[in-house]
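*Asks:* Give me a 3D structure for the following:
(2 chains)
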Amino acid sequence: MTKESSKTRRVMMAVTETSSLQELWRAAMEQLAGECTELITVFVHDDRWRRAASLPFTEEISRASGGSMNFTLQRAEQVDSDAVMRTQGQLQKLATNAEIHLVFEILAEHEAMRIHELVRSESDLLIAPSFFKGQPIYSELARLKCRILLVDTGEATAELTGSLE
Amino acid sequence: MPGVSEQTRISPVPVSELRKLCMPLSTDPEPGEETPATSIYIGQERAINAIRFGLHMEHEGYNVFVLGPLGSHRHGLVEGLAQEPARAKGAPDDWCYINNFSDPERPRALRLPAGKGAEFRDDMQALIEEIQLAIPAAFENDDYGNQLKALEAETQKEVEGLWRSLHEQAAQEGISLLQTPTGYVLAPLSDDKVIDDKEFDKLPEEKRKEIKQSIQRLSEELKARIETMPKLRKRHHERVRTLDRDVTAHAVSVLLEDLKEKYQALPAVLSYLEEVQRDIIENSQEFRRTEEPSLPFLAYDSTALFASYEVNLIVSNESDAAAPIIYEPNPSYPNLVGKVEHRAEMGALLTDFRLVRSGALLQANGGYLVLDVHRVLSRPFVWEALKQALLTKEVRIESPAETLGFVSTTTLKPEPIPLDLKVLLIGERWLYYLLCVYDNEFGGLFKVAADFDDDVERSTHNVESYARLIAERVRQSELLPLSAAAIARVIEQRARHADDSERLSMHMRSLDDLLVQADYWARQRGADQVAIEDVIEAIRQRDNRQDRMQKKIVDAIKRDTLLVDTSGECVGQVNGLSVIDLGEYRFGHPVRITATTRVGKGDVVDIEREVKLGGPIHSKGVMILSAALSARYAPDVPLSLHGSVVFEQSYGGVEGDSASVAELCALLSSVASVPILQNLAITGSVNQLGRVQAVGGINEKIEGFFAVCKERGLDGSHAVVIPHDNIKHLMLREEVVEAVHENLFNVYAVRNIDEAFAALTGRRAGARDKDGEFPPSTLNRLVEDKLIQYASRRKQFSEGASDDKGIK
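*Replies:* Model prediction:
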């Protein structure tokens, strides 16, 4: 993670359902440094659930019982919606504790172009998880005029640890 | 007196016999004389010896029942006599209730030597405090933290290994393992992106088949790993638990080491400490529970866990003390047996071994328990519980409802505690005899009866002892000292209380009342010593406070509402005397008794009995006088009399036979048509042979007639005729004695019905001569002639009736 030295006007933070909010939030707070009290968060959700659900043979295997059931589009939307709500709730809690105003935007993968509407000037800063580099959305981010700060959030470990319990 | 002339040759009772005076007495002890504790219980040697016997007898069932009237200070004597054997016995063991770790609903009883119970309780409390610090400290130690982290890392590594291999395998086959909030989804990838149905359909058939097979295989792998997770989790927890146990065991063994050494001579305590150690180790994780509950009231209360190692000391004795002597003034079931208390928690009633409470049985265990039997019998379930404890020789603390099966909720069943004590019941005689008759177990449990005398002989020695008893009571109650004359007056009053001039009442409560009240009147006049006037004033004031009903009756007689003549003469009418007992006060008053006679079949009707106002003893008296009448007169002819006797203006019950002489005299007067003097009153019972017998309440009866005569004016004619055998009971009030002394009133004593009838009529009764005849004009001759006349008339009537029958 690199410390941004130049003055920023708006700070934005891109998150996904698998990214660890802790590291991203810490980076955002460092960058805000009391200069403004508003943080724009952009929840970028890919459509992997919808895609997986479109396949007729996809099943969801229960973590508790090992039993399986069809992974339908309806279930995919529910999982997606749960992920958005969970992430928004976590962010709102962090914002309340930090006494800052939170703006929460949802950006679907196929709406990547909308990211340009959120960026206003070159002095804006976008903080994003480092694994975005391998994602299709990164091609859109690379074309933004603002600065981008990529943060290593260690998603793989988090997912494995979650499996233990 | 008119009527009781020289013809009757009946002399009045001498003034000196009316009230046996006591000479002034000093209470100063002889030089060097010691006053033993029992010396105040004059004349109670039999009871004292019985109590001593019971106290020292070690065999089963030799509990003591102390019989005697209320207020005879038996408690003081019993407790005093028990002191010596209690000292000899020494302090009994202490008893505690401790947690039963294998069955908490059945707390265990733990016995310790006297004085050790409190020590052990304090030691366990200190241990709990140390555990509370030492165990968390052991878990906060870096060593434990490192070991725990190592275990967690090992498990985590294993888990991660399982998932990583699956991820890797899936990645190799172009499959993504996605994680939903509740499970996993396996989806095919293309360029690191999940492919959808359209993309999938574009794939060659072979590829599609291959993807499906991979997903199928990976699903099986995934399920296998999911099944492995609980096993891994369980194994991890077991490892952590083992670690916790090891850490706890080390911390606890250090803490318990000193205690085990201290109590090594007490195997039961050692065994308990072992159990405590095992339980602490077993619950090691509870000692370090830190997680917050979901709701505040679900907060884990660690004090409850520590409380299970507390000691509930229920019987505690000093090691150098005597055996306990316990008097339980309120022997309710819980107070006697003990109880299991409950505490309210979130609307529920909870209990544990710490809430077991001992009763008097356990407090007195190893010593002596003093109980009032009427209180024991009047409180529900107590008598049965007491017997049960004595029979089984153990105390089982449970509620009566539980014993009777009325309670179905779970509660404690504390382990019974062995019982070894001596019970001393104090009660009245009638209770003792009732129990003897109606309770088969009573005799086997209370083999010693200590019978207190109500009174003692008024011998010179006893009078002196009594004076010392008075002085002792005065000293104990911190009253003003009594003058010698005052003591003498008190002793006279005690004879009066005993209803006998030759005996002294041992009813201590009434003695104390008199002494306290005399002290009050002495202080009222500012004296520093109680004088005889104060004693007399105390008696007078007490009577004044209680004589409302007596005054009402005297007033009613004075105003001729209750008809009682105190002058003149009348055939078939006599003044009898009755006593009304109000408990603390009793008084006598005259009552008119009348009799009527005519020819009949030889029966005497007791009107009181006919209307069910007469008690059985009164009815018996009337039957006896009927028999006396038929036996004494005209034995050769059938008794052809119909008589009836009644207490006039008596609207309550009549009991006792003390009016039978009066009733017989009224009948004889009616038969002989000889008037009875109304300035006299008579009391006494009569037997079939005409002997006049003693009756109770003689002083009150005389004083009752005296009070009526005094209201109407004493003129020297008034007198009371009493049984000769009652002379020894006379302890009349001073004013009656003074009136007799001044020839204003008299008391006559008679031995038989002839003397009584003669005294009441002022005529000679007459005795049979050698021919078996009564002298002419004597009372008995008049009676016999009349009865023969009745028999003749009856015979004539019967013959006339037969003739009439024959004609018909």
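
*Asks:* Please name every helix or strand in contact with the longest helix seen in chain A.
*Replies:* Taking residue count as the measure and DSSP state H as the definition, the longest helix of chain A comes out as helix A:73-98. With contacts taken as 3 or more Cβ pairs under 8 Å, 6 or more residues apart in numbering or on different chains; DSSP states H and E, helix A:73-98 sits against helix A:21-32, strand A:38-45, helix A:48-54, strand A:101-108. Using the backbone N, CA and C atoms, a C-beta is placed for each residue, glycine as well.

*Asks:* mind putting those in CSV, distance to chain B included?
*Replies:* Supplementary listing: these in CSV, determined by distance: least, Cβ to the nearest Cβ, whole Å:
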stretch, distance to chain B
helix A:21-32, 16
strand A:38-45, 13
helix A:48-54, 4
strand A:101-108, 14
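
*Asks:* These into a markdown table, with extra columns for mean pLDDT and mean neighbour count?
*Replies:* Shown next, in a markdown table, are those (pLDDT from 0 to 100; neighbours: other Cβ atoms under 10 Å in any protein chain shown):
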| stretch | mean pLDDT | mean neighbour count |
| --- | --- | --- |
| helix A:21-32 | 87 | 18 |
| strand A:38-45 | 85 | 20 |
| helix A:48-54 | 90 | 23 |
| strand A:101-108 | 87 | 15 |
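
*Asks:* got CSV for these, with distance to residue B:212 too?
*Replies:* Shown next, in CSV, are the helices and strands packed on helix A:73-98 (distance: least, Cβ to Cβ, whole Å):
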stretch, distance to residue B:212
helix A:21-32, 36
strand A:38-45, 27
helix A:48-54, 14
strand A:101-108, 29
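
*Asks:* Was I right to think residue B:718 contacts residue B:566?
*Replies:* Yes: between residue B:718 and residue B:566 there is a contact under Cβ atoms under 8 Å: 6.3 Å.

*Asks:* out of the two, which sits in the busier spot?
*Replies:* Of the pair residue B:718 and residue B:566, residue B:718 is the one with more neighbours under other Cβ atoms under 10 Å in any protein chain shown, namely 25 against 22.

*Asks:* residues in contact with that one?
*Replies:* B:1, B:566, B:679-680, B:705-706, B:709, B:744-746 (Cβ atoms under 8 Å, 6 or more residues apart in numbering or on different chains).

*Asks:* if we can go back for a sec, shared neighbours of residue B:718 and residue B:566, which are they?
*Replies:* Listed contacts common to residue B:718 and residue B:566 are B:679, B:709; contacts here mean Cβ under 8 Å, 6+ apart.

*Asks:* for chain B, what helix or strand is lowest in average pLDDT?
*Replies:* Taking mean pLDDT, DSSP states H and E as the measure, the helices and strands of chain B show their lowest mean at helix B:400-403, namely a mean of 74.

*Asks:* so how far is that one from its chain's centroid?
*Replies:* From the chain centre to the centre of helix B:400-403 is a distance of 21 Å (Cα atoms, centre = their mean, to the nearest Å).

*Asks:* try stretch B:161-181
*Replies:* Mean-position distance between stretch B:161-181 and its chain equals 85 Å (Cα atoms, centre = their mean).

*Asks:* Endpoints of it, how far apart?
*Replies:* The first and final residues of stretch B:161-181 sit 21 Å from each other (Cα to Cα, to the nearest Å).

*Asks:* Show the low-confidence segments of chain A, by residue range.
*Replies:* Across chain A, the stretches falling below the confidence threshold (pLDDT under 70) are A:1-9, A:34-37, A:136, A:154-165.

*Asks:* If we use 90, what do you get?
*Replies:* Per-residue confidence for chain A (pLDDT under 90) gives these ranges: A:1-12, A:14-23, A:26-40, A:42-50, A:63-66, A:80-83, A:97-102, A:105-165.

*Asks:* what kind of secondary structure is residue B:580 in?
*Replies:* Of the three states, residue B:580 takes strand under DSSP: H, G, I helix; E, B strand; the rest coil.

*Asks:* From residue B:545, how far off is it?
*Replies:* Distance, residue B:580 to residue B:545, by Cβ to Cβ, to the nearest Å: 16 Å.

*Asks:* Pop the domain breakdown of chain B in here.
*Replies:* B:44-90+B:323-452, B:141-258+B:274-286, B:457-546, B:552-792 (automatic domain parsing).

*Asks:* Ok, which of those domains comes nearest residue A:85?
*Replies:* Ranking these by proximity to residue A:85 (Cβ to Cβ) places domain B:141-258+B:274-286 first, at 10.8 Å.

*Asks:* Now do the end-to-end distance for the closest one.
*Replies:* In terms of Cα to Cα, the two terminal residues of domain B:141-258+B:274-286 are separated by 17 Å.

*Asks:* near chain A, which residues of chain B?
*Replies:* Within chain B, the positions lying close to chain A (Cβ under 8 Å from any Cβ of the partner chain) are B:155-156, B:159-160, B:163-164, B:176, B:178-188, B:192-198, B:200, B:212, B:215, B:219, B:222-223, B:226-227, B:229, B:233.

*Asks:* Quick one, which of those residues are buried?
*Replies:* Taking 16 or more other Cβ atoms under 10 Å in any protein chain shown as the criterion, what is buried in these is B:155-156, B:159-160, B:163, B:176, B:178-180, B:183-188, B:193-196, B:200, B:215, B:219, B:222-223, B:226, B:229.

*Asks:* Give me the below-cutoff pLDDT ranges for the stretch 301-450 of chain B.
*Replies:* For the stretch 301-450 of chain B, applying pLDDT under 90 flags the ranges B:301-307, B:318-321, B:342-351, B:398-412.

*Asks:* where exactly do the helices run in it?
*Replies:* B:302-307, B:333-337, B:360-363, B:373-378, B:382-392, B:400-403, B:429-438, B:442-445 (DSSP state H, counting those that start in this stretch).

*Asks:* Let's have those helices in TSV, adding mean neighbour count.
*Replies:* Written out in TSV, the entries for these read as follows (neighbours: other Cβ atoms under 10 Å in any protein chain shown):
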stretch	mean neighbour count
helix B:302-307	14
helix B:333-337	22
helix B:360-363	25
helix B:373-378	17
helix B:382-392	18
helix B:400-403	15
helix B:429-438	14
helix B:442-445	16
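
*Asks:* looking at those, which is closest to residue B:13?
*Replies:* Across those, the minimum distance to residue B:13, taken as Cβ to Cβ, is reached by helix B:429-438, at 32.7 Å.

*Asks:* next one: phi and psi at residue B:263?
*Replies:* Per-residue torsions, residue B:263: phi -110, psi 30 (degrees, to the nearest 10).
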